[in-house]
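In: after the sequence you'll find the predicted model.
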Amino acid sequence: MFGNRLKTLRKEKDLTQAQLANILKTSASAIGMYEQNRRTPDTETLQTLSNYFNVSVDYLIGKTEIRESAEQLLKDNSTTIALHNDNGIDDELPEEAKKEIEDFIEYVKHKYKK
C-alpha cells in the first residue's frame, strides 16, 4: 500500500526517484525499495513525505483513503463545517458539502479508533 501511494504521489509531482531522493536526502535505490514495499521508511521520513506531498501519514501508510490531515481539512476554505441538528446534518447544505462533512467525521473516527 505505502509503495503504491508513494509512487503515485511522486508521479503526480512529475518527480523521478532520484529527484525525490535528493529532496529526502537519501538514495534513489531507497526510494525504489520503498515503492516496491521492500523497505519501510522511518517515522522522520514518513513525516517529511507527508509534509512534502501535503498528505497525512495515515494516508501514506494506508490507514485512510483521505489524503489530507485533519488540520489541513479544517484550514481548507472549500471544506464546510456545519452544526448537527436533531435530524442530522443541516438540510440546507448542498449534497457535496454534506458528503465532505460525513467524510471528515469518518476520518476523525478512524483516526482515534483504538
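Out: It's in. Numbers count the residues shown, from 1 in each chain.

In: once you drop chain neighbours, what's closest to the spatially most central residue of the chain?
Out: Central residue of the chain (C-alpha atoms, centre = their mean): Arg67, 2.6 Å from the mean position. The shortest distance from Arg67 to any non-neighbouring residue, by C-beta to C-beta, 6 or more residues apart in numbering, is to Val55 (4.5 Å). Just so you know, the C-beta spots here come from the backbone N, C-alpha and C atoms, and that holds for glycine as well.

In: how is the chain carved up into domains?
Out: Following automatic domain parsing, the chain resolves into domains at 1-64, 68-114.

In: of those, flag the one that's most buried.
Out: Mean neighbours per residue, mean count of other C-beta atoms under 10 Å, is largest over the domains of the chain for domain 1-64, with a mean of 15.

In: kindly check the end-to-end length of that one for me.
Out: 11 Å (C-alpha to C-alpha, to the nearest Å).

In: helices and strands of the protein: which one has the lowest mean pLDDT?
Out: Using mean pLDDT, DSSP states H and E, the weakest-scoring helix or strand in the chain turns out to be strand 84-85, at a mean of 50.

In: returning to that earlier point: by mean pLDDT, show me the worst of the domains of the chain.
Out: The stretch with the lowest mean pLDDT among the domains of the chain is domain 68-114, at a mean of 65.

In: all helices of the chain, in order?
Out: For the chain, helices defined by DSSP state H occupy the ranges 2-12, 17-24, 28-35, 43-53, 57-60, 70-75, 95-112.

In: how far out from the middle of the chain is the longest one?
Out: Its chain's C-alpha centre lies 14 Å from the corresponding centre of helix 95-112 when counted by C-alpha atoms, centre = their mean, to the nearest Å.

In: what's the answer for stretch 32-48, then?
Out: A distance of 15 Å separates the centroid of the chain from that of stretch 32-48, by C-alpha atoms, centre = their mean.

In: and the contacts of it?
Out: The contact list for stretch 32-48, computed with C-beta atoms under 8 Å, 6 or more residues apart in numbering, reads 1-4, 6-7, 10, 17, 24, 26, 30, 49, 57, 60-61.

In: same question, stretch 14-21
Out: Stretch 14-21 is contacted from outside by 10, 23, 27-28, 30-32, 35, using C-beta under 8 Å, 6+ apart.
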